[in-house]
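Asks: 3D, please:
(one chain, ligands or ions: 1)
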Amino acid sequence: MPLNTVPFVSVDHMMRIVLDIGVERVLVELADYVEDDFRRWDCFDKTPRVASHSREGVIELMPTSDGEVYGFKYVNGHPSNMQRGLQTVTAFGVLAAVDSGYPLMLSEMTLLTALRTAATSAVAARHLAPADAHRMAIIGNGAQAEFQALAFKAILGITEISLYDIDPAATRKCVGNLRSHGFDIRVANSAEEAVQGAQIVTTVTADKQYATILTDNMIGSGVHINAIGGDCPGKTELHRDILLRSSIFVEFTPQTRIEGEIQQLAPDHPVSELWEVIAGRAEGRTSPDQITLFDSVGFAIEDFAALRYLRDRLADTRHFVELDMIADPDDPRDLFGMLMRAREYC
Ligand SMILES: NC(=O)c1ccc[n+]([C@@H]2O[C@H](COP(=O)([O-])OP(=O)(O)OC[C@H]3O[C@@H](n4cnc5c(N)ncnc54)[C@H](O)[C@@H]3O)[C@@H](O)[C@H]2O)c1
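Replies: Residues are numbered from 1 along each chain as shown. Presented below is the predicted three-dimensional model:
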């Protein structure tokens, strides 16, 4: 590829790539990329994401590098957007070469974030959920919900799901979208009803407050909680008492202490990082009675893995365009001359 142009994957391209490969296969392959990058955790620059908070939501930058490739994602979280017909979460991202600093790829990441979040949740559950898990409750049936369901089906074989959302229209949408994907679906009238008989509970709601989607009485022994929606200061989903009964697994502790469910706990409350479990350096589930909690907020290495996966797939597809992103004067120091010569044809 020429150095002055950069492949760009639009939303339309992303949809074509994912549909060509198949959603479930993408989720399985993404899960492997996330696991591979978590296994080489020590190679990466790691920092809590840079967040700009407002009354309505948050805009965040999520950078990381493995020493050869640098990546970042721009992402927002605006729970009130839905009332204006806008999405809660949108994103785009970049990979760049560390040796030259030149960008290697730009991509939409709204779809890619939903896919990588679901793949990461399933990776965590693969290590933490009870081995005989067969039913998952999904509380919050918005944009992320179907991706979560499909990742747990593709990666853990979960086909029984119970759905609950405060807005029945969201649940109807979710049932409609998942109907032809081989699920046995139950619609619940409350979160309490949804978690009945579920060995895995996914909370994926959006509300900018200390919410209590799950109360202590709703979580029995042995359950794995996949808590996705509490991902900002002042935005949580679980009652604190559940945290006190759980073994807690996080992505990057310094970021999760600020953004995750554990912002409700003392700053030295013990947690394990998921990469340690994957690399065999920490224990995951150790007993059938244990309550395990994946306190997910989303970490830059997951986006890096997703962009790396996408870049590898670009070799087999024409679903991208080349963007004229980098000025390319014949003499690298003659940027001004390049501009003046352009008068002849601009
Ligand atoms: N951890 C991560 O990596 C990660 C990644 C992406 C999104 N998220 C978070 O996941 C959440 C969901 O994202 P989305 O894009 O699906 O949002 P969305 O707005 O599309 O859907 C959220 C749904 O939650 C429902 N809801 C709100 N309060 C509820 C309650 N008390 N009980 C039941 N349902 C309730 C809403 O009606 C809505 O249907 C957001 O908070 C987002 O910030 C986290």
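Asks: Would you mind measuring from residue 298 to the ligand?
Replies: Counting by C-beta to the nearest ligand atom, to the nearest Å, the gap from residue 298 to the ligand is 3 Å. C-beta here means a position set from N, CA and C on the backbone, and glycine is covered the same way.
Asks: For the residue nearest to residue 299 when sequence neighbours are not counted, list the residues it contacts.
Replies: The shortest distance from residue 299 to any residue that is not its chain neighbour, by C-beta to C-beta, 6 or more residues apart in numbering, is 3.8 Å, and that residue is residue 251. Residue 251 is in contact with 120, 273, 274, 275, 296, 297, 298, 299, 301, 302, counting by C-beta atoms under 8 Å, 6 or more residues apart in numbering.
Asks: which one of these sits closest to residue 196?
Replies: residue 296 (23.3 Å; C-beta to C-beta).
Asks: In the protein, what residue comes closest to the ligand?
Replies: Proximity to the ligand, evaluated over the chain using C-beta to the nearest ligand atom, is greatest for residue 142 at 1.8 Å.
Asks: For the stretch 51-200 of the chain, which segments count as strands?
Replies: With DSSP state E, counting those that start in this stretch applied, the stretch 51-200 of the chain shows strands at 58-65, 69-77, 91-97, 103-108, 135-139, 160-164, 184-187, 200-203, listed in chain order.
Asks: Going by neighbour count, which residues in the longest one are buried?
Replies: By 16 or more other C-beta atoms under 10 Å, the buried positions in strand 69-77 come out as 69, 70, 71, 72, 73, 75, 76, 77.
Asks: any chance of these in JSON lines, with distance to the ligand too?
Replies: Below are those laid out as JSON lines (distance: C-beta to the nearest ligand atom, whole Å):
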{"residue": "69", "distance to the ligand": "21"}
{"residue": "70", "distance to the ligand": "21"}
{"residue": "71", "distance to the ligand": "16"}
{"residue": "72", "distance to the ligand": "15"}
{"residue": "73", "distance to the ligand": "11"}
{"residue": "75", "distance to the ligand": "8"}
{"residue": "76", "distance to the ligand": "9"}
{"residue": "77", "distance to the ligand": "4"}
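Asks: quick one, which of the strands of the stretch 51-200 of the chain is nearest to residue 8?
Replies: With C-beta to C-beta, the closest approach to residue 8 among the strands of the stretch 51-200 of the chain belongs to strand 103-108: 4.6 Å.
Asks: mean confidence score for that closest one?
Replies: Average pLDDT, strand 103-108: 98.
Asks: Around the ligand, pick out the residues from the stretch 1-150 of the chain.
Replies: Taking C-beta under 6 Å from any ligand atom as the test, the list of the stretch 1-150 of the chain residues beside the ligand reads 77, 82, 88, 89, 113, 117, 139, 140, 141, 142, 143, 144.
Asks: Those residues: which two are farthest apart?
Replies: The distance between the two most remote of those (C-beta to C-beta) is 19.7 Å, for 113 and 139.
Asks: So the two - more neighbours on which side?
Replies: Counting neighbours by other C-beta atoms under 10 Å for residue 113 and for residue 139 shows that residue 139 has the greater number, 28 against 24.
Asks: picking up where we left off before, my read: the residue of the chain closest to the ligand touches residue 82, true?
Replies: Yes. Counting by C-beta atoms under 8 Å, a contact exists between residue 142 and residue 82, whose distance comes to 7.4 Å.
Asks: which neighbours do those two share?
Replies: Between them, residue 142 and residue 82 share these contacting residues under C-beta under 8 Å, 6+ apart: 88, 206.
Asks: between these two, which one's more packed in?
Replies: The neighbour comparison of residue 142 against residue 82 (other C-beta under 10 Å) goes to residue 142, with 20 against 15.
Asks: residue contacts, that one?
Replies: Residues touching residue 142, when contacts are defined by C-beta under 8 Å, 6+ apart, comprise 82, 88, 165, 170, 204, 205, 206.
Asks: Which stretches in the stretch 151-300 of the chain count as helices?
Replies: Secondary structure of the stretch 151-300 of the chain (DSSP state H, counting those that start in this stretch): helices located at 168-178, 191-195, 240-245, 253-259, 274-278, 300-314.
Asks: Nearest residue to residue 276 in space, ignoring adjacent ones along the chain?
Replies: Per C-beta to C-beta, 6+ apart, closest to residue 276 is residue 282, 3.6 Å.
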